[in-house]
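Student: Coordinates for the following, if possible.
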Amino acid sequence: MKLIDNIKRNTGLSALSKSFKTVKRNRVVHNLVTARKIAIIGVVASPKDFDDFTSLQRFLIEKNIQVEVLAYFPGKEIPQQLLLRKGINIFNRDEVNWYGKPLLPFVDLFCREEYDILIDLSMDELFPIRWIATLSRSKFKVGSLSYSGNPYDLIINVENKKEIPYFSEQVLHYLNLINNRFAQEQDEFINS
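Tutor: Numbers count the residues shown, from 1 in each chain. Predicted coordinates:
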């Protein structure tokens, strides 16, 4: 079984590398003040994960940021309670090819969209999410230190606490500090 998994992985990485060569991306560092359009991706394996995603989505919407969520469900059949949520696209393992490439048109549209920030809430590598994160034309990509060769511009290490709420909190903290003079001055004031 390990041999087959290695073949799938190597084939997928080769196809991803070939597809990535055609991606034109305008890299720009954004924060929570400058971003107007944010994409959230990741793995939703349970209703709790889904609630964590929607919690971050609601927080960003309250800041007048347009948010789009694309999630991967690793099972065969997506639970009904996850399908009924508005503004969130979910796909499952039956909607990827044999090595993990997503096959849905809305995934291709998602990757072609130029979001200001892409936030990957995955704690571990799953090839369908890696495919999306790598091929996304988002200007600024944020993710966890989950695998080597990741496509992120800002990598946050949460090895000590691999939970979506904690990671979301860290992402928001750093996105608030980046290129935000007021937040940096306030942080320095608090720490002095």
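Student: The chain: strands as residue ranges?
Tutor: Per DSSP state E, the chain has strands spanning 37-43, 66-73, 88-92, 117-120, 140-144, 154-156. These are given in chain order.
Student: neighbouring strands for the fourth one, and are they parallel or not?
Tutor: When sheet partners are counted by DSSP bridges, strand 117-120 sits next to strand 37-43 (parallel), strand 140-144 (parallel).
Student: Pipe the strands of the chain into CSV and attach distance to residue 26 per row.
Tutor: C-beta coordinates here come from the backbone N, C-alpha and C atoms, glycine included. Output for those, formatted as CSV (distance: least, Cβ to Cβ, whole Å):
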stretch, distance to residue 26
strand 37-43, 13
strand 66-73, 18
strand 88-92, 24
strand 117-120, 13
strand 140-144, 10
strand 154-156, 16
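Student: Next, format those as a markdown table and append mean neighbour count and distance to residue 17.
Tutor: What follows is those, written out as a markdown table (neighbours: other Cβ atoms under 10 Å; distance: least, Cβ to Cβ, whole Å):
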| stretch | mean neighbour count | distance to residue 17 |
| --- | --- | --- |
| strand 37-43 | 23 | 20 |
| strand 66-73 | 22 | 21 |
| strand 88-92 | 18 | 22 |
| strand 117-120 | 27 | 19 |
| strand 140-144 | 24 | 17 |
| strand 154-156 | 14 | 20 |
